[in-house]
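[1] here's my sequence, what's the structure:
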Amino acid sequence: METLLGWITTHQQIIYIVILMGFVGIEVIGRVPSVLHTPLMSGANAIHGVVIIGAIIVMGNAEPGNYLALALGFLAVILGTLNVVGGFVVTDRMLEMFKGKGNKKSTH
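    Down below sits the predicted model:
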């Protein structure tokens, strides 16, 4: 228990900043109009390409016997890729909603 209290005391400013970031994030996201929410979220998902690059670097620098780092890196690459692809799919579907009825391709 003393170790936990010592850690909290040492990192008190960082804890306050994280809590403040949470409140500010909730306020900012709450004020975004629903029309913009989907494109903004899909753009944020596309930024996960950085996660993919970081995971590849971690896997490349991992020791051959460190299966935990390799497994977590592999999982990060898979989940990051799914997030990036999902972001672009959502963006594509959102843009399809804004096309006029005359612009749609006929299926006949």
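[2] next SSE downstream of the helix or strand of the chain with the lowest mean pLDDT?
    Lowest by mean pLDDT, DSSP states H and E among the helices and strands of the chain is helix 34-46, with a mean of 70. As assigned by DSSP states H and E, the chain's next helix or strand after helix 34-46 is helix 49-61.
[3] what ranges do the helices span in this structure?
    Here the chain has its helices, by DSSP state H, at 2-10, 12-30, 34-46, 49-61, 67-97.
[4] lowest-confidence stretch among those?
    Per-stretch mean pLDDT for those is lowest at helix 34-46 (a mean of 70).
[5] list the buried residues of stretch 48-55.
    Of the residues in stretch 48-55, 48, 51-52, 55 count as buried by neighbour count, 16 or more other C-beta atoms under 10 Å. Where you see a C-beta, it was placed from the backbone N, CA and C, and this is true even at glycine.
[6] let's have these in CSV, adding distance to residue 78.
    Listed next are the buried residues of stretch 48-55 as CSV, based on distance: C-beta to C-beta, whole Å:
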residue, distance to residue 78
48, 12
51, 11
52, 9
55, 9
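[7] closest to residue 16 out of those residues?
    The closest of the buried residues of stretch 48-55 to residue 16 turns out to be residue 51 (C-beta to C-beta; 26.7 Å).
[8] wait, that closest one touches residue 76, no?
    Yes: applying C-beta atoms under 8 Å as the test, residue 51 and residue 76 come out as touching, 6.0 Å apart.
[9] wait, which of the buried residues of stretch 48-55 is closest to residue 81?
    Nearest to residue 81 among the buried residues of stretch 48-55 is residue 52, at 6.1 Å by C-beta to C-beta.
[10] ok, the closest one - contacts?
    Neighbour list for residue 52: 76-77, 80-81, 84 [criterion: C-beta atoms under 8 Å, 6 or more residues apart in numbering].
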